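Chemist: Provided below are the primary sequence and the corresponding predicted coordinates.
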Amino acid sequence: MKIYTRQGDQGETALLSGNRVSKHHLRIESYGTIDELNAFIGLIRDVADHASAHDQLLAIQHHLFTIGSVLASEGQSQLPLPEIEQAHIDELERQMDRMDQELPPLKNFILPGGDAAASYCHVARTITRRAERKTVALARSVHVEPIVISYLNRLSDYFFVLARYYTHQHKGEETPWKPNN
C-alpha cells in the first residue's frame with residue numbers, strides 16, 4: 001500500500017464520510033491538532049519513566065485517535081467508530097486524584113518547567129487547550145458530541161497534574177509565578 005495518493009495536491013482532503021474539504025477547514029484544524037497532540041504524547045511516553053503513567057498515556061493516545069476519527073467523520077462513516085465515554089473522563093480524574101495525593105498542595109501558579117518530562121507535559125497541556133479551542137469553534141457550526149469537549153478539557157488538567165507529578169518524582173523544583181517580578 002502506498003502512503004501517497006496525490007489526492008491532496010490541490011489543497012483538499014477527504015473526510016471519513018467521503019466528502020472533500022479544504023485543508024484549512026476548521027474540522028481539519030481540529031483533528032489535525034488532536035493528531036499533533038497524539039504525536040507529542042508519544043514523545044512523553046518515550047522520555048518519561050513512570051509505568052502507570054506510561055499505560056495511561058497509551059490509553060489517552062487511543063482515545064485521541066477515536067476523537068480524531070469522530071471529528072473526521074462528520075457523523076457519517078462507512079466503518080463503525082469507537083466512542084469516547086464518561087468512563088474515560090472518570091479514569092483521567094481517578095489518575096489525577098491518585099497523583100495529587102503524593103503532591104504538595106498547590107499554593108501559587110507555577111511556571112512550566114522543573115523537569116524534562118514535566119516540561120513536555122506542559123507543552124502537551126497547551127496543545128490540548130488549542131485542540132479544545134478549535135473543537136469548541138467547530139461545535140459552533142456543526143454537531144460535536146459534548147463529551148469530546150469535556151474529555152479535552154479534563155485532559156489538559158491531567159497534563160498539568162502529570163507535569164507536577166513528574167517534577168515531584170524526579171526531585172525537580174516547581175517555580176512559583178511572581179507577578180511583580
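Modeler: It's in. Here the structure is a predicted model, which is why all the values come from computation and not from measurement.

Chemist: element containing the residue nearest to the spatial centre of the chain?
Modeler: What sits nearest the mean C-alpha location of the chain, by CA atoms, centre = their mean, is Thr128, with 4.3 Å. Element membership of Thr128, judged by DSSP states H and E, is helix 116-139.

Chemist: just after that helix, pick out the following helix or strand.
Modeler: Following helix 116-139 in sequence, per DSSP H and E, is helix 146-169.

Chemist: between that next one and helix 116-139, how many degrees?
Modeler: 170 degrees (axes from the mean of the first three to the mean of the last three CA atoms, to 10 degrees).

Chemist: run the chain-centre distance for helix 146-169.
Modeler: Distance of helix 146-169 from the chain centroid (CA atoms, centre = their mean, to the nearest Å) equals 8 Å.

Chemist: just the CA coordinates of that helix, formatted as CSV?
Modeler: Extracted C-alpha coordinates of helix 146-169, given in CSV (Å, rounded to 0.1, in the frame of the first residue of the first chain):
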residue,chain,number,x,y,z
PRO,A,146,-20.2,17.4,24.1
ILE,A,147,-18.3,14.6,25.7
VAL,A,148,-15.4,15.2,23.3
ILE,A,149,-15.1,18.7,24.6
SER,A,150,-15.4,17.5,28.2
TYR,A,151,-12.7,14.9,27.6
LEU,A,152,-10.3,17.5,26.1
ASN,A,153,-11.0,19.9,29.0
ARG,A,154,-10.2,17.2,31.6
LEU,A,155,-7.1,16.0,29.6
SER,A,156,-5.5,19.4,29.9
ASP,A,157,-6.0,19.2,33.6
TYR,A,158,-4.5,15.8,33.6
PHE,A,159,-1.3,17.0,31.9
PHE,A,160,-0.9,19.8,34.4
VAL,A,161,-1.1,17.3,37.3
LEU,A,162,1.2,14.8,35.4
ALA,A,163,3.7,17.6,35.0
ARG,A,164,3.7,18.3,38.7
TYR,A,165,3.9,14.6,39.4
TYR,A,166,6.9,14.1,37.2
THR,A,167,8.6,17.2,38.8
HIS,A,168,8.0,15.7,42.2
GLN,A,169,9.0,12.1,41.3
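
Chemist: so which bits of that helix are buried?
Modeler: Going by neighbour count (16 or more other CB atoms under 10 Å), the buried part of helix 146-169 is 147-149, 151-156, 158-169. Any C-beta I mention is one placed from the backbone N, CA and C, and that applies to glycine too.

Chemist: ditto for stretch 43-56
Modeler: 44-45, 48, 50, 53, 56.

Chemist: give me the subset of those residues lying in helices.
Modeler: Those of the buried residues of stretch 43-56 mapping onto helices are 44-45, 53, 56, per DSSP state H.

Chemist: closest to Lys178 out of those residues?
Modeler: Each of those was checked against Lys178 using CB to CB; the closest is Ile44, at 27.8 Å.

Chemist: give the contact list for that closest one.
Modeler: Listed by CB atoms under 8 Å, 6 or more residues apart in numbering, the contact set of Ile44 reads 57, 117, 120-121, 124.
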